[in-house]
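> Everything below, folded, please.
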Amino acid sequence: MTASELRAHGRAGTAVALLYVFLWASAFVPSRVLSRLGQPLWVLTVRFAIASVLMSCVVMALRRPWPRTRTAWAQIAGYGLLANATYLGCTYEALRHLSSGMGAIIASTNPLLLALVAPALLNESLTLRKIVGLLLGFSGVLVTMGARAGTQAARPVDVLLAFLGVVGLVASTLVFKRIRTPEDLLAANTIQLGAASAILLPLAALLEGSPHLVPNGAFVVSLTYLVLVMSLGASFLWFWLLRHGEASRVSAFYFLTPIFGLGLGALLLGEPVRPLDAVGLAAVAAGIVLVQSGRPGAERPRWSSDPGATGE
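Have a look, this model is predicted:
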C-alpha cells in the first residue's frame, strides 16, 4: 500500500471501531426498556432464537460451511454460554432496576478486569501503569455509584449482578483466548446465538414462569433494534474489524462506552446525569487508557462475532 492508502485504511478502521463501540453502548437503552417488562430471561431467549434463525438463513443462502467436529460445536456453544447467556442474562436481570448509563459504566470495566487477572492466567505482566489504571477505573465506578446512593438507579445487588455478568464475559475471553478454530464466522455466530437461547429457555421457564410479554410498540422497536442492529448488523462490523486486523482498535475506544451510555440514557430515557458523573467518567476513561496503552487489545476467538461481547 502507498502512504495515502495506509492513512485511508487507518481512518476507515478507526471509523468502524468508533461505530462499533457506539452501537455496543447504544444497546443498553433498548435492553433497559425490555428488562423493565419483568421477564428479561424470556426476552433474551426470544432475541437469541430470532437472531439465530435469521443468521442460519443467511448461512444457508450463502452456502457457508458448518463446523465438522463435535469439539468445534462444543467450543462455540461454550462461548455462547459465557458471552451471551451468562453476561447478558446477568446484565438484563440487573437492568430491571439499574439505569442504562450505570450498566454501560459497569460493562466498560471488562478490559480492567481482564488486566487484573491476566498476570495469573495469561502470563501478562501487571505493570505500575496498569495498576494505576485499574485503581482509577474502579474508583470511577465507585464515584458514579456514590452519586446514586440512596436511589434505585444503582442498588448494590443490581451492581453486583452486572459485575457478575462482566466476569462471565471476561471468563469467555480467558477460556477461548488461545482457540484458533478455522470455522466460518457466520456459522459460528449462528451456533453461539442458538446455544444461548437453548440454555436460557429452561432457566426462563423455571425462574420466570410462562412468558407473558406484551408486544407493544416499545417492545417491538427495542427487540428489532437488538436483533437486527446488534446481533446481526454489529456482528458484521466485527467481521470487518477481524478481517482487516483492526479489532485491537476497539479496545482503544472502550473508554467512550460509559460516555455514550450515559448520554443516550439521558436523551432517550430521561435518566438523570449528575455532576459527579463527569468525575467518574474521567477516572474510568483514564483507567482504561492506561491499561490499554502499550498492549494489544484483548483477543477474541477468530470465529467470535458477538457485540456484547457484546455487546449487548
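
> Just the mean pLDDT for the one helix or strand residue 144 maps to, thanks.
Element membership for residue 144 (DSSP states H and E) is helix 128-147. The average pLDDT for helix 128-147 rounds to 78.

> residues of it that come out buried?
130, 133-134, 136-141, 143-145, 147 (16 or more other C-beta atoms under 10 Å). Backbone N, C-alpha and C define where each C-beta goes, glycine included.

> ok, so of these, who is nearest residue 89?
Distance to residue 89 across the buried residues of helix 128-147 (C-beta to C-beta) is lowest for residue 141, with 20.9 Å.

> which ones are touching that closest one?
105, 106, 109, 280, 284 (C-beta atoms under 8 Å, 6 or more residues apart in numbering).

> Of these - the most surrounded one?
residue 105 (30 neighbours; other C-beta atoms under 10 Å).

> Was I right to think that residue contacts residue 284?
Yes: with contact defined as C-beta atoms under 8 Å, residue 105 reaches residue 284; the gap is 6.4 Å.

> and for these two, which residues touch both?
Contacts common to residue 105 and residue 284, judged by C-beta under 8 Å, 6+ apart, are 140, 141, 144, 258.

> Out of these, which comes closest to residue 90?
residue 141 (16.1 Å).

> so where is the chain shaky, pLDDT-wise?
Scanning the chain for pLDDT under 70 picks out 1-10, 122-124, 145-154, 175-182, 238-239, 242-255, 292-312.

> Recalculate using a threshold of 50.
5-8, 296-311 (pLDDT under 50).

> just to revisit the earlier point, what about the contacts of residue 141, which are in helices?
105, 106, 280, 284 (DSSP state H).

> In these, find the pair that's most separated.
106 and 280 (11.4 Å).

> that older thread, switch the buried residues of helix 128-147 over to TSV; also include distance to residue 26.
Below are the buried residues of helix 128-147 laid out as TSV (distance: C-beta to C-beta, whole Å):
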residue	distance to residue 26
130	29
133	25
134	27
136	25
137	22
138	24
139	26
140	21
141	20
143	23
144	19
145	22
147	22
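
> Taking these, tell me the two that lie furthest apart.
130 and 147 (26.2 Å).

> Would you report the backbone torsion angles of residue 27?
Main-chain dihedrals, residue 27, degrees, to the nearest 10: phi -70, psi -20.
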